[in-house]
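Novice: Compute the structure for the input listed below.
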Amino acid sequence: MEWGIMTIVGPILLVLVLAWAMLNNRRSAAEKRRTEEATKMRRAEEDAAEQARDPNDVD
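Specialist: So this is what the prediction gives:
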C-alpha cells in the first residue's frame, strides 16, 4: 500500500518541483537586455585593448 502511493505521488511531486524551478528561474527581459549590453561593452573594450597592444594586426 505505501509503495503504491510512493510510486504515484513521488513522480508527480518531482514534476511539480521541476516545473516550479523552471518557472522561477526565468530572467526578465530587462535583465537579458542589460546582460547583452554589458557583454557588447566588454567585447568592445577587449577589442580596443587588443588593437592598442598590436596596432599593426588588423583583422
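Novice: where exactly do the helices run in this protein?
Specialist: 2-24, 29-53 (DSSP state H).
Novice: Let me know the average pLDDT across the last one.
Specialist: Yep, that's helix 29-53 we're talking about. On average, the pLDDT along helix 29-53 is 92.
Novice: So what's the gap between that helix and the chain middle?
Specialist: 17 Å (Cα atoms, centre = their mean, to the nearest Å).
Novice: got it, and the shortest one?
Specialist: Between the centre of helix 2-24 and the centre of its host chain there is 24 Å, according to Cα atoms, centre = their mean.
Novice: Buried residues, that helix. List them.
Specialist: Within helix 2-24, no residue is scored as buried using 16 or more other Cβ atoms under 10 Å. (C-beta placed from N, C-alpha, C; glycine too.)
Novice: Please name every helix or strand in contact with it.
Specialist: Where contact means 3 or more Cβ pairs under 8 Å, 6 or more residues apart in numbering; DSSP states H and E, helix 2-24 is not packed against any helix or strand.
Novice: CA atoms only: put it into PDB for me.
Specialist: Output of helix 2-24 as PDB, limited to C-alpha atoms (Å, rounded to 0.1, in the frame of the first residue of the first chain):
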ATOM      1  CA  GLU A   2       2.700   2.500   0.900                       C
ATOM      2  CA  TRP A   3       4.800   1.600  -2.100                       C
ATOM      3  CA  GLY A   4       1.900   2.200  -4.400                       C
ATOM      4  CA  ILE A   5       1.300   5.700  -3.000                       C
ATOM      5  CA  MET A   6       5.000   6.500  -3.200                       C
ATOM      6  CA  THR A   7       5.200   5.300  -6.900                       C
ATOM      7  CA  ILE A   8       2.300   7.600  -7.800                       C
ATOM      8  CA  VAL A   9       2.900  10.600  -5.600                       C
ATOM      9  CA  GLY A  10       6.700  10.600  -6.000                       C
ATOM     10  CA  PRO A  11       6.900  11.300  -9.700                       C
ATOM     11  CA  ILE A  12       4.000  13.800  -9.500                       C
ATOM     12  CA  LEU A  13       5.900  15.700  -6.800                       C
ATOM     13  CA  LEU A  14       9.100  15.600  -8.800                       C
ATOM     14  CA  VAL A  15       7.300  17.100 -11.900                       C
ATOM     15  CA  LEU A  16       5.800  19.800  -9.800                       C
ATOM     16  CA  VAL A  17       9.100  20.800  -8.200                       C
ATOM     17  CA  LEU A  18      10.800  20.800 -11.600                       C
ATOM     18  CA  ALA A  19       8.100  22.900 -13.100                       C
ATOM     19  CA  TRP A  20       8.200  25.400 -10.200                       C
ATOM     20  CA  ALA A  21      12.000  25.700 -10.500                       C
ATOM     21  CA  MET A  22      11.800  26.300 -14.300                       C
ATOM     22  CA  LEU A  23       9.200  29.000 -13.900                       C
ATOM     23  CA  ASN A  24      11.000  30.800 -11.100                       C
END
